[in-house]
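K.L.:
following is a predicted model, sequence given first.
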Amino acid sequence: LGVPVTGGNVSFYNQTADTAIHPTPVVGVLGVHDDVSKRLAIGFGRPDCGVVLLGRGEAEFGGSLWAQVAHRHIGGRPPAVDLDAERNLAAVLAAAAERGLLTAAHDLSDGGLAIALAECCLTGGQGCAVRLPGDPFTSLFGESAARAVVATVPGAEAEFAALCSSHGVPAAELGVTGGSTLEVVDCFTIPLDELAAVHRGTLPGLLR
């Protein structure tokens, strides 16, 4: 992938008292920005930006956050890895940042698109309204790899779409940023204040 790996560790056997710690691989990487003014934040910080989902999603829920939270199940076959897709996605994001086509970008990992959208809204302070492609459940909670959600600069939509096409990266226009809610059309609408209260209350709730 051309990524500078600085180190790593894999823990398979740690535990605290009688509670096992899940096997945890960690990889350290190091990158250098030639121009930090072109770095991309994860937050939706501007209204009227297009929200675009990059990559191909499947019904991959093995080892997912949804399975753990909803069913207390940890296990199953993890999402398939496609290194070519990962490389192409990275190339698109780097080129888009260099050209100033995006205002935000966030990878999809634990919790899939649902968690990524919530984090984008909370971090940047802007809500969004999106319409999901295909099955809503798979679109929201699937954890397929090589995916990201981005916010495009108004007026840059066509250039960004062409960039994605040239690298073979699927790009689905979901909606637009703005407002004080996270709205998934025909599914739910959540005020950002409510999302923020839950986010801030997680750690204090665990420590009570």
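P.N.:
Thanks, I have the structure now. The shown structure was predicted, so the numbers you read here are calculated from the model rather than taken from an experiment.
K.L.:
going forward, measure contacts between C-alpha atoms and count neighbours the same way
P.N.:
Will do.
K.L.:
next helix or strand past the helix or strand containing residue 28?
P.N.:
Secondary structure from DSSP states H and E places residue 28 in strand 24-29. Using DSSP H and E, the next helix or strand after strand 24-29 towards the C-terminus is strand 50-54.
K.L.:
list the contacts of that following strand.
P.N.:
With contact meaning C-alpha atoms under 8 Å, 6 or more residues apart in numbering, strand 50-54 is reached by 89, 130, 147-154, 157, 169-177.
K.L.:
and the helix or strand just after it, what's buried?
P.N.:
Next in sequence after strand 50-54, counting helices and strands by DSSP H and E, comes helix 65-71. Neighbour counts over helix 65-71 (16 or more other C-alpha atoms under 10 Å) mark 65-67 as buried.
K.L.:
what's the closest of the residues you listed to residue 205?
P.N.:
Set against residue 205, the nearest of the buried residues of helix 65-71 by C-alpha to C-alpha is residue 65 (19.0 Å).
K.L.:
max-length helix in the chain?
P.N.:
The longest helix of the chain (DSSP state H) is helix 83-99.
K.L.:
same for that one, what does it pack against?
P.N.:
helix 157-166 (3 or more C-alpha pairs under 8 Å, 6 or more residues apart in numbering; DSSP states H and E).
K.L.:
one more pass at 10 Å, please.
P.N.:
Contacts defined by 3 or more C-alpha pairs under 10 Å, 6 or more residues apart in numbering; DSSP states H and E place helix 83-99 against strand 50-54, strand 102-107, strand 148-152, helix 157-166.
K.L.:
in JSON lines: the ones you listed, plus mean pLDDT and mean neighbour count.
P.N.:
Output for those, formatted as JSON lines (pLDDT from 0 to 100; neighbours: other C-alpha atoms under 10 Å):
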{"stretch": "strand 50-54", "mean pLDDT": "98", "mean neighbour count": "25"}
{"stretch": "strand 102-107", "mean pLDDT": "98", "mean neighbour count": "22"}
{"stretch": "strand 148-152", "mean pLDDT": "98", "mean neighbour count": "26"}
{"stretch": "helix 157-166", "mean pLDDT": "98", "mean neighbour count": "16"}
